[in-house]
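[1] structure for this input, please:
(4 chains)
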2 protein chains.
Amino acid sequence: MPKVGMEPVRRKALVDAALRAIGDHGSLTVTMSEIARHAGVSPALAHHYFGSKEQLLIETIRSLLRKLRDDAVAALAFAATPRERLSAIIRVSFQADQFAPETVAAWLAFYSEAQRSEEVRRLLVVYARRLNSNLVQSLKRLCPAEDAARIAEGAAAMIDGLYIRQSLRSAPISIEASIALTEDYLNAHLRAREDRQDG
Amino acid sequence: MPKVGMEPVRRKALVDAALRAIGDHGSLTVTMSEIARHAGVSPALAHHYFGSKEQLLIETIRSLLRKLRDDAVAALAFAATPRERLSAIIRVSFQADQFAPETVAAWLAFYSEAQRSEEVRRLLVVYARRLNSNLVQSLKRLCPAEDAARIAEGAAAMIDGLYIRQSLRSAPISIEASIALTEDYLNAHLRAREDRQDG
DNA sequence: TTTTATTGATTGATCAGTCAATAAAAAATA
DNA sequence: TATTTTTTATTGACTGATCAATCAATAAAA
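    This next block holds a predicted model:
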């Protein structure tokens, strides 16, 4: 059976399997066997390619973050004005695959893991910073820097909050409603600023 | 050594120890031995009083929720107007002990656990509903019902989001700043409403 | 004598990680 | 071209550690 050049194929299959297993399970307490089963290989092979469970999980987070970044880059390419860029950032955060219960569960598990693993924490900080910086950059075109920083923090918190609330699956807020709430937040604050200037 | 009437004492000690252990550890993957050690008793005794680890953890969440509810009741007793009640709710959500890293870590762990344990999920839904209902009740005095529902959802999301972001401990937002951001959100939306009415 | 509190010792299950063995492909050598 | 050697892919079997849960034993109080 051994065919040469399997490494990248197996790595990808295992990372995808890990994501699915974590989503199913709702936590990082998945076994290597479970992940390997999802990928259709033996547990030993997973260890062979990743060395340890921790490393496989870290690669899995990386792949989630990469996907999110790629989506953001793609969405921002179509946005002309600062305001459109803000909407694009929001849309990407709530896009369907990100909002799928398994994905939400996986993110949540990673946040929890970040309390223990410095490397996981670092990766999530990267995500948080990127979201913040994207927001601030566009907001600075629409209002003074100190307002931009504040509004960005609020918007980022709202995005994360809507996301975490999704995980409880009771009275779930739809994608559209989540986007609308975040847009409302931006509109209210940008408008409030103008009012103060005008009045 | 055996002194009669120890049951309530031990139960409380074990629940407190569990909370501390979870906070230290940053996740629910704490051992009964660890918890028992924190409480100064043998692991066997923890099983004796709680039957299983799961039950002990559930009691621990219950105690967190009870504390939060009691604080909310106390804070609301001093609030006269609807607007003051809203501020009281926000203040309680961000009060110092709730914002302590160990407490944040514990909440996060519970959210993650809710993906697996129906009972944990139910308890967290109770929290979410209570926060929502508290907010809506006061907001309905200040704006129409449909606006109240929407603003409450946004405020609740923002509270949870600020909370979860605290867990990353990078560029942490202070208690005061968190309160200010949430207050700003309410002010902006309540003002925006008035503007629309006036204009 | 019964009840309550408490623990040390043990069990059984689960898992991450290791390793030696197998087999196919590729490269080197004759 | 035919062969041997090396590299790559893969797994079954095993190990050692960890841990939840059990239980029988002990001792103080009622």
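[2] so which helix or strand takes in residue A:5?
    Under the criterion DSSP states H and E, no helix or strand holds residue A:5.
[3] residues touching it, list them.
    By C-beta atoms under 8 Å, 6 or more residues apart in numbering or on different chains, residue A:5 lies in contact with nothing. Placement of C-beta: from N, CA and C, glycine included.
[4] phi, psi of it?
    When read as degrees, to the nearest 10, the backbone of residue A:5 gives phi 80, psi 20.
[5] how close does it sit to DNA strand C?
    Taking C-beta to the nearest atom of the strand, to the nearest Å as the measure, residue A:5 falls 7 Å from DNA strand C.
[6] shaky segments in chain A?
    A:1-2, A:193-199 (pLDDT under 70).
[7] go again using 90 as the cut-off
    A:1-4, A:23-27, A:96-102, A:115-117, A:164, A:167-172, A:191-199 (pLDDT under 90).
[8] in it, what residue is nearest DNA strand D?
    residue A:44 (3.1 Å; C-beta to the nearest atom of the strand).
[9] pull whichever strand or helix holds that residue out as CSV, backbone CA atoms only.
    Assessed by DSSP H and E, residue A:44 sits inside helix A:43-50. Provided in CSV are the C-alpha atoms of helix A:43-50 (Å, rounded to 0.1, in the frame of the first residue of the first chain):
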residue,chain,number,x,y,z
PRO,A,43,-3.2,6.2,15.9
ALA,A,44,0.5,5.4,15.5
LEU,A,45,0.6,7.2,12.2
ALA,A,46,-0.8,10.3,13.8
HIS,A,47,2.0,10.2,16.3
HIS,A,48,4.5,9.5,13.6
TYR,A,49,3.6,12.7,11.7
PHE,A,50,2.9,15.1,14.6
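[10] after that helix, heading C-terminal, what element do we hit next?
    Next element after helix A:43-50 (DSSP H and E): helix A:53-77.
[11] that next one and chain B, are they touching?
    No. Applying C-beta under 8 Å from any C-beta of the partner chain, one finds helix A:53-77 out of contact with chain B, separated by at least 12.9 Å.
[12] after that helix comes which helix or strand?
    Using DSSP H and E, the first helix or strand after helix A:53-77 is helix A:82-93.
[13] any idea how far the strand or helix carrying residue A:120 is from the chain center?
    In this assignment (DSSP H and E), residue A:120 forms part of helix A:118-139. Counting by C-alpha atoms, centre = their mean, to the nearest Å, helix A:118-139 is centred 10 Å from the centre of its parent chain.
[14] residues of it that come out buried?
    A:120-121, A:123-124, A:127-128, A:131-132, A:134-139 (16 or more other C-beta atoms under 10 Å in any protein chain shown).
[15] so residue A:29, which of the three states?
    coil (DSSP: H, G, I helix; E, B strand; the rest coil).
[16] name the nearest residue to it, sequence neighbours excluded.
    In space, and not counting its chain neighbours, residue A:29 is closest to residue B:29: 6.9 Å by C-beta to C-beta, 6 or more residues apart in numbering or on different chains.
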